[in-house]
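**Student:** fold the following for me, if possible:
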Amino acid sequence: MRNPLSSLSSVLQSLSETFTHLHGQNCNFTAMTLTGGSTHSPSSQPNAQALPLPPPTTPRVSKHRPLVAPRRVQADPTRITRPDLPPPRPPTSDYPVFVVWNELVRVYREFNFSPMVFDMILKVFAEQGMIKYALHVFDNMGKCGRVPSLRSCNSLLSNLVRNGESDTALLVYEQVVRLGIVPDVYTCSIMVRAYCKEGRVSRAVEFVKEMERLGFEVNMVSYNSLIDGYAGLGDVEGAKSVLRVMSERGIKRNVVSCTLLMKAYCRQGKMEEAEEVLRGIKEEEPVVVDECAYGVLVDGYCKAGRMDDASRIQDEMLRIGLKMNTIICNSLINGKGQTSEALKVFDEMPQGGIHHTVVTYITLLKGLCQANAFDDALHLWNLMLKRGLAPDEVSYCSLLDGFFKKEDLDSTINLWKVILTKGFTKSRFAFNTMINGLCKMGKLVEAEEIFSKMKELGYLPDEITYRTLSDQYCKVGNVEEAFRVKTLMEAQAIFPSIEMYNSLTSGVFMSRDISKVMHLLTEIQTRGLSPNTVTYGVLISGWCNEGMLDKAFSLYFEMIDKGFDTNLIICSKFISTLYRLGKIDEASILLQKIIDYDSIPFQKGDITHSEIQKFADSLDESAKSFCLPNNVIYNIAIFGICKSGKVGDARKFLSALLLNGFSPDNFTYCTLIHATAAAGNVNEAFSLRDEMLRRNLVPNITTYNALINGLCKSGNLDRAQSLFNKLCKKGLAPNAVTYNILIDGYCRIGNTVEAFKFKDKMILEGIVPSIITYSALINGLYKQGNMKESVKLLSQMIKAGVQQNLVNYVLQFS
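**Tutor:** This next block holds a predicted model:
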């Protein structure tokens with residue numbers, strides 16, 4: 001006859017070996033430790049009395065209904081599976097665990113040993129972070145007629161929340177309640193934390209009220225979790241309301257409660273109020289301020305860009321005997337960005353006994369990528385790997401973002417394959433990073449492929465995913481696709497944010513489809529969204545571009561009435577529009593209001609529009625807050641004057657500015673060169689180029705495009721081509737604009753042969769011909785009477801997918 005304890009010991013030994021192999025830690029499951037008895041058979045010990053095993057108990061609910069694995073394409077066998085689908089075979093790497101588990105169940109059913117074995121295995125798996133195995137045990141205990149203990153359930157729930165699987169924790173809790181397991185105060189605090197981590201703070205509040213109605217005394221941990229939930233949303237009033245409830249219940253706030261309130265203020269950017277809370281903590285007895293409280297304030301100041309204040313708080317913390325820690329150092333590195341000061345903090349950490357973490361490396365890595373120091377970023381990445389730190393999903397996505405900034409598509413694709421291999425695509429973060437990067441590179445087709453792959457794998461896109469795609473379609477002028485993305489999003493019951501509406505409104509203005517603007521504004525109002533400064537800026541800019549200043553001014557005053565401050569971008573738009581429309585005096589007076597400059601060389605008359613006078617008056621206080629340098633405003637003024645066709649006045653303005661210490665930049669000269677060349681004064685344009693060189697300013701491709709355009713417009717194609725051939729020696733690469741200028745120039749003089757040579761050359765250089773390219777060529781062929789070739793090229797354009805404004809061309813040739 002088989003010995004039951006011998007069989008159990010064999011199974012548990014296999015389980016121990018499998019656990020050690022998978023988790024890298026020694027774990028010794030034995031029959032003695034798990035059953036509380038001897039490993040020998042009772043019959044072999046004559047003096048021992050065999051203890052009767054309790055019969056299997058039936059759960060309090062008639063059926064153990066398995067949970068549904070959240071956001072999984074294929075049900076994981078270690079998750080609680082759907083009852084209507086057969087459980088799939090476990091992955092090969094997990095197979096030994098399930099073989100041992102099945103054997104353990106078989107031995108239990110044959111010999112009926114203590115069910116405590118299952119409970120302890122569940123607890124060990126949960127505490128060691130082996131969540132999928134713990135869930136498998138939890139799901140299958142019911143099949144053996146066993147109910148897990150509350151202690152094991154709490155351990156599983158706590159570790160799920162700690163590992164970022166709060167959504168699964170909520171599902172497990174529902175199952176715990178169905179099994180009739182009565183929760184305790186510890187369970188309550190775990191579930192409050194789970195709801196808050198999911199962003200469901202209002203539900204967490206309701207949960208606390210339900211527990212109190214059931215007679216539970218909610219503890220400090222639960223209330224602090226609620227405050228943390230509100231702090232994460234930046235809801236100061238919500239956090240304060242919890243503190244009031246605590247006071248009513250006779251629960252005194254501690255340093256954690258106060259620190260979380262500071263965090264809420266910091267999220268709102270109210271740093272003075274956050275610091276006031278810190279001062280209150282120091283005066284309050286018996287609350288003792290700690291590094292965490294100072295750390296929150298340092299981090300808040302760093303994120304606000306107020307590094308002097310961050311250093312002040314750091315010095316105060318050190319003066320009262322508190323020490324730096326990893327979190328504070330990471331905040332300082334993040335605040336200092338890519339500067340040598342950030343590297344200094346990084347280098348000093350080990351000297352102070354503070355270890356670098358993955359977050360430390362990634363914070364510095366992001367700063368280096370933002371500074372385009374990609375070689376240093378890669379060196380830091382390799383150093384992190386060399387020191388045995390395992391990069392997480394955020395780490396890989398930070399490096400991915402760096403490759404996108406470098407426009408290194410090959411390295412990006414290779415890293416994306418690594419991310420897929422390591423399984424870091426279980427959240428939307430990696431997909432959103434990839435889609436965003438491809439969109440910024442103009443790779444919309446590839447971005448759509450990742451979007452499709454994301455849905456294929458069962459990961460539903462979120463508002464950020466849809467907004468990223470929609471925004472890029474708006475930027476390239478494809479508003480129809482942007483609205484298609486919006487429709488897909490709404491079908492998923494995700495509604496656009498005000499940021500997405502801002503993007504769509506901007507795109508509609510770009511496409512000149514003004515009727516849709518009013519439709520979007522109606523939607524914003526219907527859905528209860530509040531316009532922000534960006535909304536007003538987009539609308540003001542759009543109406544200015546349309547020349548409808550009355551609507552633009554009306555929106556501006558509405559914005560001011562609602563308490564929004566004006567900004568330099570909005571003011572600059574009004575000024576440049578006034579210049580463009582020839583309203584020089586009005587534009588000059590607004591310019592004076594912003595820069596407090598009296599020597600603008602134009603005659604000043606009375607402002608004829610009351611709106612402009614009212615606008616100018618409103619700038620008296622707002623202009624003081626503008627932080628951009630006056631050079632930006634001067635350039636806007638020069639640009640506006642040139643747009644109005646008064647190039648001579650623009651030169652006079654520049655001369656006056658130079659006398660007052662103004663330093664012109666590339667934008668200044670490019671604006672003047674473009675306007676001068678377009679006016680037909682090519683020699684004067686080249687003189688400006690030479691003046692630019694004397695000031696040690698290097699002309700860019702935009703400047704040379706202006707010069708080539710001027711030469712083409714004046715019929716000097718040979719000189720234009722000669723200048724084109726010299727671009728390579730100047731270290732510049734021609735772009736689509738360069739080729740289009742030359743193609744249009746040759747078509748205008750009837751030399752379509754040379755024009756087609758440039759078209760072939762641009763394709764050879766990897767530049768895709770645009771609607772402008774085809775338009776110039778088709779017009780050139782049409783003027784030569786070559787209808788056959790023009791129609792052929794029109795068909796080629798359609799096949800190439802260049803169909804924007806196609807109807808106009810068809811009508812033109814009909």
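
**Student:** and S770, what are its phi and psi?
**Tutor:** Phi and psi for S770, reported as degrees, to the nearest 10, are phi -110, psi -180.

**Student:** tell me the confidence at it?
**Tutor:** With respect to pLDDT, S770 scores 77.

**Student:** what does the one 5 residues further on give?
**Tutor:** Turning to S775, the model gives it a pLDDT of 83.

**Student:** that one: what secondary structure?
**Tutor:** Following DSSP: H, G, I helix; E, B strand; the rest coil, S775 is assigned to helix.

**Student:** state the distance from it to P769.
**Tutor:** 10 Å (Cβ to Cβ, to the nearest Å). No exception for glycine: its C-beta is placed from N, CA and C like everyone else's.

**Student:** kindly report the same for K132.
**Tutor:** In terms of Cβ to Cβ, K132 sits 53 Å off from P769.

**Student:** between the two, which is the more surrounded one?
**Tutor:** Higher neighbour count among K132 and P769: P769, with 21 against 15, using other Cβ atoms under 10 Å.

**Student:** nearest spatial neighbour of the more buried one, chain-adjacent residues omitted?
**Tutor:** Nearest residue to P769, sequence neighbours excluded (Cβ to Cβ, 6 or more residues apart in numbering): K759, at 6.1 Å.

**Student:** ok, now which ones touch the one you found?
**Tutor:** Counting by Cβ atoms under 8 Å, 6 or more residues apart in numbering, K759 touches 739, 743, 769, 773, 777.

**Student:** drop anything exposed from those residues.
**Tutor:** Buried subset of the contacts of K759 (neighbour count, 16 or more other Cβ atoms under 10 Å): 739, 743, 769, 773, 777.

**Student:** ok, so of these, who is nearest N705?
**Tutor:** Nearest to N705 among the buried ones among the contacts of K759 is Y739, at 10.0 Å by Cβ to Cβ.

**Student:** what helix or strand does the nearest residue to the closest one once chain neighbours are set aside sit in?
**Tutor:** Leaving out its chain neighbours, the residue that sits closest to Y739 by Cβ to Cβ, 6+ apart is M762, at 4.1 Å. Counting by DSSP states H and E, the element that carries M762 is helix 752-764.

**Student:** and for I190?
**Tutor:** Assigned by DSSP H and E, I190 belongs to helix 185-197.

**Student:** the helix or strand just after that helix vs helix 185-197, what angle?
**Tutor:** Sequence order places helix 201-213 as the next helix or strand after helix 185-197, per DSSP H and E. In terms of direction (axes from the mean of the first three to the mean of the last three Cα atoms, to 10 degrees), helix 201-213 departs from helix 185-197 by 160 degrees.

**Student:** can you point out the buried residues in helix 201-213?
**Tutor:** Within helix 201-213, the residues that qualify as buried are 201, 203-205, 207-208, 211, counting by 16+ other Cβ under 10 Å.

**Student:** in terms of secondary structure, what does it contact?
**Tutor:** Judged by 3 or more Cβ pairs under 8 Å, 6 or more residues apart in numbering; DSSP states H and E, helix 201-213 is in contact with helix 185-197, helix 220-232.

**Student:** got a list of what the residue nearest to C439 when sequence neighbours are not counted touches?
**Tutor:** Leaving aside its chain neighbours, C439 sits nearest to Q472 (3.8 Å; criterion: Cβ to Cβ, 6+ apart). Shown in contact with Q472 (Cβ under 8 Å, 6+ apart): 439-440, 444, 447.

**Student:** now, the most widely separated pair of the residues you listed?
**Tutor:** Among these, K440 and L444 lie farthest apart (Cβ to Cβ), at 10.5 Å.

**Student:** ok, these two, which is more surrounded?
**Tutor:** Taking neighbours as other Cβ under 10 Å, K440 and L444 compare with L444 leading, 19 against 16.

**Student:** could you measure the residue nearest to P769 against Y774, distance?
**Tutor:** From K759 to Y774 the distance is 9 Å (Cβ to Cβ).

**Student:** same thing with R213?
**Tutor:** From R213 across to Y774, the span is 72 Å (Cβ to Cβ).

**Student:** how about G437?
**Tutor:** To Y774, G437 is 30 Å away according to Cβ to Cβ.

**Student:** with L781 instead?
**Tutor:** Per Cβ to Cβ, L781 is found 11 Å from Y774.

**Student:** got any ranges where the stretch 251-400 of the chain has weak pLDDT?
**Tutor:** Counting by pLDDT under 70, the stretch 251-400 of the chain has low-confidence residues at 285-287, 338.

**Student:** the strands in the protein, which residues?
**Tutor:** Counting by DSSP state E, the chain has no strands to list.

**Student:** shaky segments in it?
**Tutor:** For the chain, the ranges with pLDDT under 70 are 1-115, 285-287, 338, 425-427, 568, 584-585, 588-633, 644, 797-814.

**Student:** surely the residue nearest to Y739 meets L777?
**Tutor:** No. The criterion here is Cβ atoms under 8 Å, and M762 misses it with L777 at 11.6 Å.

**Student:** which ones are touching the closest residue to L672 other than its chain neighbours?
**Tutor:** Nearest residue to L672, sequence neighbours excluded (Cβ to Cβ, 6+ apart): L688, at 5.5 Å. Going by Cβ under 8 Å, 6+ apart, L688 touches 669, 672-673, 676.

**Student:** neighbour-wise, which one of these leads?
**Tutor:** I673 leads these on contacts (other Cβ under 10 Å) with 29 neighbours.

**Student:** now M317: how far from M262?
**Tutor:** Distance, M317 to M262, by Cβ to Cβ: 14 Å.

**Student:** okay, these two: which has more neighbours?
**Tutor:** Neighbours were counted for M317 and for M262 using other Cβ under 10 Å; M262 has more, 30 against 21.

**Student:** isn't that one up against L278?
**Tutor:** Yes. The pair M262 / L278 is scored as a contact, 6.3 Å apart, by Cβ under 8 Å.

**Student:** distance of S166 from K263?
**Tutor:** 19 Å.

**Student:** of the two, who's got more company?
**Tutor:** Shown here are S166 and K263; by other Cβ under 10 Å, K263 has more neighbours (25 against 21).

**Student:** count of neighbours near the residue nearest to that one when sequence neighbours are not counted?
**Tutor:** Closest residue to K263 apart from its sequence neighbours, by Cβ to Cβ, 6+ apart: A231 at 4.2 Å. A231 has 27 neighbours, counted by other Cβ under 10 Å.

**Student:** correct me, but A231 touches T259?
**Tutor:** No. Look at A231 against T259 with Cβ under 8 Å: they stay out of range, at 9.1 Å.

**Student:** returning to what we had before: in a markdown table, list the helices and strands packed on helix 201-213 along with distance to D561.
**Tutor:** What follows is the helices and strands packed on helix 201-213, written out as a markdown table (distance: least, Cβ to Cβ, whole Å):
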| stretch | distance to D561 |
| --- | --- |
| helix 185-197 | 37 |
| helix 220-232 | 30 |
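
**Student:** number of residues surrounding the closest residue to K405 other than its chain neighbours?
**Tutor:** Leaving out its chain neighbours, the residue that sits closest to K405 by Cβ to Cβ, 6+ apart is C369, at 5.8 Å. C369 has 24 neighbours, counted by other Cβ under 10 Å.

**Student:** need the contact list for C369.
**Tutor:** Residues near C369 by Cβ under 8 Å, 6+ apart: 377, 398-399, 401-402, 405.

**Student:** so which of these comes closest to V698?
**Tutor:** Distance to V698 across the contacts of C369 (Cβ to Cβ) is lowest for K405, with 22.4 Å.

**Student:** E341 versus the closest residue to T357 other than its chain neighbours, what's the distance?
**Tutor:** Leaving aside its sequence neighbours, T357 sits nearest to T326 (Cβ to Cβ, 6+ apart; 5.6 Å). For T326, the distance to E341 equals 18 Å [Cβ to Cβ].

**Student:** hang on, the earlier thing: which of G437 and Y774 has more neighbours?
**Tutor:** Relative neighbour count places G437 above the other of G437 and Y774, with 25 against 21, counting by other Cβ under 10 Å.
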